[in-house]
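*Asks:* Next input, structure requested:
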Amino acid sequence: MSYEFNPESQVFEFPNPYKVENTALICSGAVMLLAGGLTMILVRERLSHGMDGRAVAVLGISVLLLLLGIGLLARAFTRLRYFFGRNRPANLAPVLPQDKDGDSAAAAAYKETLRQNAITYPEPKGPLNGLLYSWLPNLIFAPGVIQRTAQTQFYNFLSLAATFISFLICWLLLGKDSANGWIGLVYGAFAFFQIMRPMMQKHRAPAGGAVTDAVQVGIGSLIVLIILAVLGPVLLGMASPHLSDLGELSINGVLCVALVCALAGCAVFGLALKNQLQAAPQAVGSARVTETLTMNAHPNKLMEELDRMLMTRWFSRIPNRRYTHKTPTVIGAQGKFTAEMLEETQPRPQPNRIASGIGHALSSPQFFWLTALTGLATVYLFVGAFAAILACRNILGAEPVVTAIAFALSQIAVGIFCYSASHALWGRFDFVSELIWVDISGSYESANVHLGNQLSSNVQTTKNVINIESMTMRVWVSEIDTVIFGKDEARQLIGMRGLQAVADELASTLKGFGETRSMVVAPTSSQDLDRANKVGAMNKLMGGQQDVAGGERLAAAILTASATPTPAGAASEIAAPSYTAKARFCSHCGAEASSNAKFCGNCGTALGNPA
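*Replies:* Residues are numbered from 1 along each chain as shown. From the prediction side, this is the model:
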């Protein structure tokens, strides 16, 4: 994907939507690098006296901290400068070349949306989704990415809440038993899986924005949560006599803090999501105009004129995106034809939809809780880095380190979990464009048109024309709102409004163009005028007075046609210059004939040369 710069238009010079997130990532990455450097300093003196297990452990922690810091910084630096090329955002359907006919399933879906005059929203499934959508009624109108993210985080919240309650019950009942240490390990492993699971799944938005089954919360998941919450303590109590005593090894307190932090992150995400939701669209639909048209020309003339008209609607001189094009086919003396064209103007960004900085984000209700979630993730990573430094010091000092290491890991995991949840909402871009669909259908018949007297005219014209009676032409025009989450992600339709004035203009202009097509071939070029004069002059030199008069009349007719505009919808009537000639009569029947006639118009007898 290339980046194109146009000094005449700065509309695609986007502000960086990840500015707030990048600031948090840079701070977190710097702290991780600092923590890794400090642990390196702590172990450096120990390594100078020889390599042992404790030094190797601290060295491994240092390397992990450095890698994590570099990864966070790399992620921020990748989006530090935001380029948005001309071919972005993504197309709604496959784009056709200008000289090719074609269609696609995605284009057919959007044409059906225009035809139905409504947007289709996927119905959520599952009992927990029903609960979620009853709490957030406007979630049904949100883009598919937000719906999937909301469902996933809601499931995570319920899972972590059930795990937390079950953990507290088990801790209170078996906290003084030999299974005390195993409680934290078992529930910690399960909680770690619940926290890391969303980051392992890549929920990308399909073109239609449908809610996939991968994120549906159903009966099976609900049963597993209930079994864990109710039977978890019982199962641990039954297994405790057979478990070895872990002694002082216990991470129950660390796990309790980690679960509370994760639940807090889910709660803040819910508040951020609620402020991202918009109310139900007040106006949804498309403008439609139906016209009946009669014309004497090839139906492709309408498509050519439509292409010229749509070119005038290019935004910022950027060609429209053509999704459907069908050229009318005329074969034989009569038959049926169809033609259609579906195009979208270049999507243009909607203003004031991106946080320009931390101050703007905190002052805007749309971004306040999202900024708070990002800040919460940063705090968790800071605490995790500090705990990692303490763990390294305890390792080198031969002190207990299990609690410190578990606390560091849990805080870092929860921090990354919060970053992952907020990232989906930071990458939102809103666009507006026009979707235009023209559908033409009808029947045709071939005809021949002859103008000019076959016996006496010097100039005659003949043309094969295609006669189309009562052709149906439908025009749909709608201004659509679309959204992406990430500049290279799929674009989703979230709103549409009919543009009746534009639809009326297109339909009336196309109808007027078709009805004014001429079926008469007449010379209109200045070269035709020059050549007619030359022919007349040559005949005059050769003594052909009859042809001279014809050439002069032809030149006068061309000059009159070139100087006087022909009224629209009617053939030009060109008057020949007046002249006097001697009357002639047929020697066979006595009928009067014109001075330049070669045959009698009454009986067909050949006439002699005029005197």
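
*Asks:* how about M341, secondary structure?
*Replies:* Secondary structure assignment for M341 (DSSP: H, G, I helix; E, B strand; the rest coil): strand.

*Asks:* Can you pull the phi/psi pair for the residue nearest to the spatial centre of the chain?
*Replies:* Geometric centre of the chain, nearest residue: R491, 3.3 Å, by C-alpha atoms, centre = their mean. Summarising the backbone geometry of R491 under the convention degrees, to the nearest 10, its torsions are phi -100, psi 140.

*Asks:* what sits against it?
*Replies:* Counting by C-beta atoms under 8 Å, 6 or more residues apart in numbering, R491 touches P89, A90, N91, L92, A207, P347, F431, T482, V483, I484. In this view, the C-beta of every residue, glycine as well, is placed from N, C-alpha and C.

*Asks:* With neighbour count added, can I get the residues you listed in CSV?
*Replies:* Conversion of these to CSV gives the following (neighbours: other C-beta atoms under 10 Å):
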residue, neighbour count
P89, 22
A90, 16
N91, 18
L92, 25
A207, 18
P347, 25
F431, 19
T482, 24
V483, 24
I484, 22
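
*Asks:* From those, pick the one nearest S48.
*Replies:* For S48, the nearest member of the contacts of R491 is I484. The distance, counting by C-beta to C-beta, is 54.1 Å.

*Asks:* Just grab the bridge partners of the closest one for me.
*Replies:* Applying DSSP bridges to I484 yields these beta-bridge partners: F429.

*Asks:* What is the neighbour count of the nearest residue to F164 once chain neighbours are set aside?
*Replies:* Leaving aside its sequence neighbours, F164 sits nearest to L259 (C-beta to C-beta, 6 or more residues apart in numbering; 4.4 Å). Summarising burial for L259: neighbours were counted as other C-beta atoms under 10 Å, giving 24.

*Asks:* Then L38?
*Replies:* Quick note: L38 (other C-beta under 10 Å) scores 17 neighbours.

*Asks:* where's it relative to S48, distance?
*Replies:* Between L38 and S48 the computed distance is 17 Å (C-beta to C-beta, to the nearest Å).

*Asks:* same thing with R317?
*Replies:* From R317 over to S48 the distance is 67 Å, taken as C-beta to C-beta.

*Asks:* cool, and S62?
*Replies:* Remark: distance between S62 and S48 (C-beta to C-beta) = 15 Å.

*Asks:* More neighbours: those two, which one.
*Replies:* S62 (23 against 8).

*Asks:* thought that one was touching I41?
*Replies:* No - using C-beta atoms under 8 Å, S62 and I41 do not qualify as a contacting pair, with a distance of 9.2 Å.

*Asks:* burial of the nearest residue to L80 once chain neighbours are set aside, as a residue count?
*Replies:* The shortest distance from L80 to any residue other than its chain neighbours is 6.1 Å, reached at N22 (C-beta to C-beta, 6+ apart). Under the neighbour criterion other C-beta under 10 Å, N22 is assigned a count of 20.

*Asks:* can you pull the contacts of N22?
*Replies:* For N22, the contact set (C-beta under 8 Å, 6+ apart) comprises N16, A76, R79, L80.

*Asks:* Could you check how far the third one is from T23?
*Replies:* The one in question is R79. Computed with C-beta to C-beta, the distance linking R79 and T23 is 11 Å.

*Asks:* do the same with the last one
*Replies:* Counting by C-beta to C-beta, the separation of L80 from T23 is 10 Å.

*Asks:* And those two? Which one has more around it.
*Replies:* T23 (16 against 13).

*Asks:* right, and the residue nearest to F164 touches A191 too?
*Replies:* Yes - here L259 reaches A191: they are 5.9 Å apart, a contact under C-beta under 8 Å.

*Asks:* hey, what's in contact with both of these two?
*Replies:* Going by C-beta under 8 Å, 6+ apart, residues that sit against L259 and also against A191 are L160, T163, F167.

*Asks:* Name the nearest of those relative to E112.
*Replies:* When the shared contacts of L259 and A191 are compared for distance to E112 (C-beta to C-beta), L160 comes out closest, at 41.4 Å.

*Asks:* Quickly find the element holding that closest one.
*Replies:* Element membership for L160 (DSSP states H and E) is helix 144-174.

*Asks:* in that helix, what's buried?
*Replies:* Buried residues in helix 144-174, counted by 16 or more other C-beta atoms under 10 Å: 144-164, 166-168, 170-171, 174.

*Asks:* Domain-wise, how is this structure divided?
*Replies:* Each domain of the chain is listed here as a residue range: 287-349+431-515, 526-579, 580-611, per automatic domain parsing.

*Asks:* What average pLDDT does the first one get?
*Replies:* Going back to what we said before, that points to domain 287-349+431-515. Domain 287-349+431-515 carries an average pLDDT of 87.

*Asks:* what about it, start to end distance?
*Replies:* Its start and end residues considered, domain 287-349+431-515 measures 23 Å (C-alpha to C-alpha, to the nearest Å).

*Asks:* how far out from the middle of the chain is that domain?
*Replies:* Per C-alpha atoms, centre = their mean, to the nearest Å, the displacement of domain 287-349+431-515 from the mean C-alpha position of its chain is 23 Å.

*Asks:* What are the boundaries of the helices in the stretch 51-200 of the chain?
*Replies:* 53-78, 105-116, 127-135, 144-174, 180-200 (DSSP state H, counting those that start in this stretch).

*Asks:* Output the ones you listed in a markdown table; the columns should cover mean pLDDT and distance to A501.
*Replies:* Supplementary listing: the helices of the stretch 51-200 of the chain in a markdown table, determined by pLDDT from 0 to 100; distance: least, C-beta to C-beta, whole Å:
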| stretch | mean pLDDT | distance to A501 |
| --- | --- | --- |
| helix 53-78 | 91 | 44 |
| helix 105-116 | 92 | 17 |
| helix 127-135 | 82 | 37 |
| helix 144-174 | 81 | 32 |
| helix 180-200 | 68 | 46 |
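
*Asks:* got CSV for those helices, with distance to R288 too?
*Replies:* Converted to CSV, these look like this (distance: least, C-beta to C-beta, whole Å):
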stretch, distance to R288
helix 53-78, 45
helix 105-116, 8
helix 127-135, 32
helix 144-174, 27
helix 180-200, 43
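
*Asks:* what secondary structure does G253 sit in?
*Replies:* Each residue gets one of three states, and G253 gets helix by three-state DSSP.

*Asks:* Quick one: neighbours of F585, just the number.
*Replies:* F585 is surrounded by 12 other residues when neighbours are defined as other C-beta under 10 Å.

*Asks:* sorry, that was for Q350
*Replies:* The number of residues packed around Q350, counting by other C-beta under 10 Å, is 14.

*Asks:* ok now do it, which residues does it touch?
*Replies:* The contact partners of Q350, taken as C-beta under 8 Å, 6+ apart, are D430, F431, V432, D481.

*Asks:* now these: which count as buried?
*Replies:* D430, F431, D481.

*Asks:* Make JSON lines out of those and add distance to R497.
*Replies:* Putting those into JSON lines (distance: C-beta to C-beta, whole Å) gives the following:
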{"residue": "D430", "distance to R497": "14"}
{"residue": "F431", "distance to R497": "14"}
{"residue": "D481", "distance to R497": "8"}
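
*Asks:* which parts of stretch 486-497 are buried?
*Replies:* Buried residues in stretch 486-497, defined by neighbour count with 16+ other C-beta under 10 Å: G486, K487, E489, A490, R491, Q492, L493, I494, G495, M496, R497.

*Asks:* coming back round to it: quick check: angle from the helix holding L160 to helix 127-135?
*Replies:* In this structure, helix 144-174 runs at an angle of 110 degrees to helix 127-135, with axes from the mean of the first three to the mean of the last three C-alpha atoms, to 10 degrees as the basis.
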